[in-house]
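Enquirer: here is a sequence with its predicted model. Questions after.
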Amino acid sequence: KNEVEQSPQNLTAQEGEFITINCSYSVGISALHWLQQHPGGGIVSLFMLSSGKKKHGRLIATINIQEKHSSLHITASHPRDSAVYICAGAGSYQLTFGKGTKLSVIP
Amino acid sequence: KAGVTQTPRYLIKTRGQQVTLSCSPISGHRSVSWYQQTPGQGLQFLFEYFSETQRNKGNFPGRFSGRQFSNSRSEMNVSTLELGDSALYLCASSLETSGVYNEQFFGPGTRLTVL
């Protein structure tokens, strides 16, 4: 059974801080998605990783296949980054989701 | 290009009824996945379809079923509704044949309330 563990569950940061959200996953998962969900429910895909590192604007995602660990970093955080961030592992043609990290960035 | 559309957006049903939800993927996308989101369980995988074939089903009872049509549109059906089926139902489409192993484009969801 595929499993995904995400931490922390809640995170409060001051505007401008560097933020890290972590995700560990089990054997059987070969790709890792990072998703963003704003209040109201809409989900946006941020990254899909199977190796290495990806960067988009102030967001950086890394994955370590040997350690089965991925991180999402947000540099120079802004109140508009406030959302729930979810990691999801792809294996056996299904996604297994972490519980999500609720991020609040205070001005 | 239009995004993933889901209809209806909101639905209220009573226990014992059945419901059909529809998902139209982005034009050209042939992989469609369905997910259930509840406050208690978070996001859970329901089904994944590619070219009208169900490639996997999540750990849900047989009351939950789905299908995909030749134009890649997909429907899911829940029969004999229970209070616990109240949730946000999301579908996502993907361009590549490898489905969930590629970027997922999510629809806005259908919020189902069972009374």
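Expert: Good, I have the coordinates.

Enquirer: what residues does chain B have near chain A?
Expert: Counting by C-beta under 8 Å from any C-beta of the partner chain, chain B comes close to chain A at B:33, B:35, B:37, B:42-45, B:48, B:55-56, B:58, B:88, B:90, B:92, B:99-106, B:108-109, B:111. (C-beta placed from N, C-alpha, C; glycine too.)

Enquirer: switch the cut-off to 6 Å
Expert: Proximity of chain B to chain A, by C-beta under 6 Å from any C-beta of the partner chain, involves residues B:42-43, B:45, B:48, B:55-56, B:88, B:99-101, B:103-104, B:106, B:108-109.

Enquirer: restricted to strands, list the residues you listed.
Expert: Among the residues of chain B next to chain A, the ones falling in strands (DSSP state E) are B:42-43, B:45, B:48, B:55-56, B:88, B:106.

Enquirer: okay if I get these as JSON lines plus pLDDT and neighbour count?
Expert: Converted to JSON lines, these look like this (pLDDT from 0 to 100; neighbours: other C-beta atoms under 10 Å in any protein chain shown):
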{"residue": "B:42", "pLDDT": "92", "neighbour count": "16"}
{"residue": "B:43", "pLDDT": "95", "neighbour count": "22"}
{"residue": "B:45", "pLDDT": "95", "neighbour count": "23"}
{"residue": "B:48", "pLDDT": "92", "neighbour count": "27"}
{"residue": "B:55", "pLDDT": "90", "neighbour count": "16"}
{"residue": "B:56", "pLDDT": "90", "neighbour count": "17"}
{"residue": "B:88", "pLDDT": "96", "neighbour count": "17"}
{"residue": "B:106", "pLDDT": "95", "neighbour count": "21"}
